[in-house]
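>>> model this:
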Amino acid sequence: MRICARAVFLRRGLAVLLALAVVGTASNFVQAQDKAGKPFANYKTGLPPKDKRLPPAKGETKRIIMLINGTDPYWDAMKAGMEDAAKEFKFGEVGFKVEMDKNDGTPKGQIDKLTQYINQTDIAAVAVSATEAKNTQISNALRKLQKQGVVVITIDSDLDRETSRDARFAYLGTDNVIGGRQLGKAAAGLLPNGGKYAEFVGLKTAANAIERSNGFKEGAGSKFERIEYLGDDFDLSTAQKNVRDSLDRHADIDTLVGIYAYNADPIAQTVKQRGIRDKVKVVVFDASPLGLRDMSDGLVDAMIVQSPYQMGYDGVRLMKAAVEDDQAIVRKILPNWDSAKGEFTAPNGDIITTELRVVVPDDKSPLKPEMFDSGTKFFTYPDFKAWLNSHKLTGS
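So this is what the prediction gives:
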């Protein structure tokens, strides 16, 4: 999940990915067909009616909140993106204030925060990284917020799309199945004959964890066998213990997989301490500052890197536009949204995908660009560090 950075992105080079505003109610349903002409499943839009949304009145300040999990540096980059967008687009001049709020990383902590929001009148929009995709208390709390006029989106980790699409308008973040698949392809490129792997993650029940794990299995292929799948609930001491215990229980594990950003360093340091670098491959999600240091020290073979800065930058633009019913931005950002009918015209039109990159130590790596999906950008460590430095980022 997470990484750190204070940043200034090149906006003109980025595809503007966001902003919502729609006509219609949460009872509008998708009615469209896929490319083969077959109808896809209907789902509610999850956006309050225009006349119930809560833009600031003159002299008022309304909050746009990103509710995230824990204190990992990953979120620092997202906060930087939020603040840069608010400054660039002069949110304050029209009465909007952006905030990042944190819970303790547990479903209960998230539900408690959302319950607090329900009783507050100065909130215009909320973005949530869902701790549990299928948790009905989380979904119901979001529905209550929508009912009182609050615009709701998900970021970084979505709700269950079969049962809870109506609890948010859109998801903004990584396509975690694709991201997991790229990580699996990295493992397959490093060990063409397959291997046995252990996965380490913060929240095993979070949608992004489940999707990345499933994607990894697909990308790695049938020659790989998962031996362990261990969660740590965002506790670093547990994350370190999980790696040690997994290796103690299974001496034949040859691939260690970090699903969340902070998992990289416990894996790398355990490998270093045990002197087994020549026996195991290490592939991880995200480019945390410690993870980047570990790659520089020769302890990480590949990273699949998200763009939390972009999630923050585009996420607050999305919510502001939705509150203000800025249809021009909606049509520009969400080409599959029909604002006149209040419905999406293609499957997954409510999902906005941010960029993915693969990073390898150097050009001597057995991993090459053609091994990955065409939409995934390929970097060597030196080139990626230069890119980070050009944007004043310490990670991504």
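
>>> contact partners for the most centrally placed residue in the chain?
Residue closest to the average C-alpha location in the chain (C-alpha atoms, centre = their mean): residue 156, at 2.4 Å. Counting by C-beta atoms under 8 Å, 6 or more residues apart in numbering, residue 156 touches 1, 68, 78, 129, 173-174, 208, 308, 311. From N, CA and C alone the C-beta is placed, and that goes for glycine too.

>>> show me where the stretch 101-250 of the chain has its strands.
123-128, 151-155, 171-173, 195-201, 224-231 (DSSP state E, counting those that start in this stretch).

>>> partners of the last one, with directions?
Meaning strand 224-231. strand 195-201 (parallel) (DSSP bridges).

>>> count of residues packed around residue 72?
Residue 72 has 22 neighbours, counted by other C-beta atoms under 10 Å.

>>> wait, which of the strands of the stretch 101-250 of the chain is closest to residue 142?
Of all these, the one in closest proximity to residue 142, counting by C-beta to C-beta, is strand 151-155 (5.0 Å).

>>> who are the packing partners of the closest one?
strand 123-128, helix 136-147, strand 171-173, helix 308-324 (3 or more C-beta pairs under 8 Å, 6 or more residues apart in numbering; DSSP states H and E).

>>> direction included, what does that strand pair against?
By DSSP bridges, strand 151-155 pairs with strand 123-128 (parallel), strand 171-173 (parallel).

>>> identify each buried residue in stretch 348-364, please.
349-361 (16 or more other C-beta atoms under 10 Å).

>>> re the thing from before, could I get the strands of the stretch 101-250 of the chain as JSON lines with distance to residue 326 and mean neighbour count?
What follows is the strands of the stretch 101-250 of the chain, written out as JSON lines (distance: least, C-beta to C-beta, whole Å; neighbours: other C-beta atoms under 10 Å):
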{"stretch": "strand 123-128", "distance to residue 326": "13", "mean neighbour count": "27"}
{"stretch": "strand 151-155", "distance to residue 326": "12", "mean neighbour count": "28"}
{"stretch": "strand 171-173", "distance to residue 326": "16", "mean neighbour count": "26"}
{"stretch": "strand 195-201", "distance to residue 326": "37", "mean neighbour count": "23"}
{"stretch": "strand 224-231", "distance to residue 326": "40", "mean neighbour count": "18"}
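
>>> using TSV, lay out those together with mean pLDDT and distance to residue 242.
As requested, the strands of the stretch 101-250 of the chain are exported to TSV (pLDDT from 0 to 100; distance: least, C-beta to C-beta, whole Å):
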stretch	mean pLDDT	distance to residue 242
strand 123-128	98	26
strand 151-155	96	26
strand 171-173	90	25
strand 195-201	98	6
strand 224-231	98	4
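
>>> would you turn these into CSV with distance to residue 378?
Shown next, in CSV, are the strands of the stretch 101-250 of the chain (distance: least, C-beta to C-beta, whole Å):
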stretch, distance to residue 378
strand 123-128, 30
strand 151-155, 25
strand 171-173, 21
strand 195-201, 22
strand 224-231, 22
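
>>> what's the closest of those strands to residue 183?
strand 195-201 (9.8 Å).

>>> convert the C-alpha atoms of the closest one to CSV, please.
This file holds the C-alpha atoms of strand 195-201, laid out as CSV (Å, rounded to 0.1, in the frame of the first residue of the first chain):
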residue,chain,number,x,y,z
GLY,A,195,9.2,-22.0,-6.9
LYS,A,196,7.5,-21.9,-3.5
TYR,A,197,6.5,-18.5,-2.1
ALA,A,198,5.3,-16.8,1.1
GLU,A,199,3.2,-13.6,0.9
PHE,A,200,3.2,-10.9,3.6
VAL,A,201,0.6,-8.3,4.0
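
>>> who's in contact with that strand?
Against strand 195-201 from outside (C-beta under 8 Å, 6+ apart): 187, 209, 212-213, 216, 220, 223-232, 239, 242-243, 246-247, 250, 252-260, 263, 266-267, 281.

>>> make a PyMOL selection of the buried ones in these.
Applying 16+ other C-beta under 10 Å to those, the buried members can be selected in PyMOL as follows:
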select buried, resi 187+209+212+213+216+220+224+226+227+228+229+230+231+232+239+242+243+246+247+253+254+255+256+257+258+259+260+263+266+267+281
